[in-house]
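>>> here's my sequence, what's the structure:
(2 chains)
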Amino acid sequence: EAQVTQNPRYLITVTGKKLTVTCSQNMNHEYMSWYRQDPGLGLRQIYYSMNVEVTDKGDVPEGYKVSRKEKRNFPLILESPSPNQTSLYFCASSLSIGTSLSDTQYFGPGTRLTVL
Amino acid sequence: SQQGEEDPQALSIQEGENATMNCSYKTSINNLQWYRQNSGRGLVHLILIRSNEREKHSGRLRVTLDTSKKSSSLLITASRAADTASYFCATDDRSNDYKLSFGAGTTVTVRA
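Purely as a prediction, here's the structure:
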């Protein structure tokens, strides 16, 4: 089954304790992206990756890191989480970019992160 | 920064009625997409309309795009309880093809 998976689905942690949220897709998609969703703000893009070893900042990259060593995986790393990073996080992927983001984004189920 | 802005923020309708929501955006785009999100779950793609298209249909969905006004509308006809969800528009940015911006969404409640 074609899907985007995220782990963990729920995480409660404390300020400053490094964490990684994994994202994996089995559709051989080139493009992957991370979003955070906060009430009243919709989805905001954190980082995106056009292909292996190619990443770029979205609208809210501060406090986050990503890597794209393999096509299928795009982990989100919080080196020193803070309470303002408490949010619902979504990973998404799409087939290809070409000259514009014209492909359907497939979303993972979300990771609800609470930083105390 | 947020590119798309949906209007209204919330909408409550009776089953069988039509639901219309609007999206305005700021920059030139290549495409505009609409997504649906059921409570707390991942977004599901509904429809994509390209900048050179004015209207598109998919089942009970009708999307229009007016690039001169930088706006789009999503119409759901003959709504059902299962249409209760949040709806988001998403736009790329012609100056940066790889960034996708979502609005804050319209929450639609369909009453039985």
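>>> so which bits of chain A are right by chain B?
Proximity of chain A to chain B (Cβ under 8 Å from any Cβ of the partner chain) is limited to residues A:4, A:31, A:33, A:35, A:40-45, A:48, A:50, A:56, A:58-59, A:88, A:90, A:92, A:97, A:99-102, A:104-110, A:112. (C-beta placed from N, C-alpha, C; glycine too.)
>>> out of these, which are buried?
When burial is judged by neighbour count using 16 or more other Cβ atoms under 10 Å in any protein chain shown, the buried members of those are A:4, A:31, A:33, A:35, A:42-45, A:48, A:50, A:58-59, A:88, A:90, A:92, A:97, A:100-102, A:104-108, A:110.
>>> which of the residues of chain A next to chain B fall within helices?
With helices defined by DSSP state H, no entry of the residues of chain A next to chain B lies inside them.
>>> for residue 46, list the residues it contacts.
Picking chain A for this. A:33-36, A:58-61, A:64, A:66, A:76, A:89 (Cβ atoms under 8 Å, 6 or more residues apart in numbering or on different chains).
>>> that's the other chain; I wanted chain B
By Cβ under 8 Å, 6+ apart, the contact set of B:Leu46 is B:33-36, B:58, B:61, B:74, B:87.
>>> what is the neighbour count of the nearest residue to A:Leu41 once chain neighbours are set aside?
In this structure, A:Leu41 finds its nearest non-sequential neighbour in B:Ala104, 6.0 Å apart by Cβ to Cβ, 6 or more residues apart in numbering or on different chains. Under the neighbour criterion other Cβ atoms under 10 Å in any protein chain shown, B:Ala104 is assigned a count of 22.
>>> same question, the one 4 residues further on
Summarising burial for B:Val108: neighbours were counted as other Cβ under 10 Å, giving 22.
>>> equivalent analysis for A:Glu53, please.
10.
>>> pretty sure it is touching A:Lys69, no?
Yes - using Cβ atoms under 8 Å, A:Glu53 makes contact with A:Lys69 at a distance of 7.3 Å.
>>> separation between A:Asn84 and chain B?
18 Å (Cβ to the nearest Cβ, to the nearest Å).
>>> quick check, central residue of chain A?
Nearest residue to the geometric centre of chain A (Cα atoms, centre = their mean): A:Trp34, 2.6 Å.
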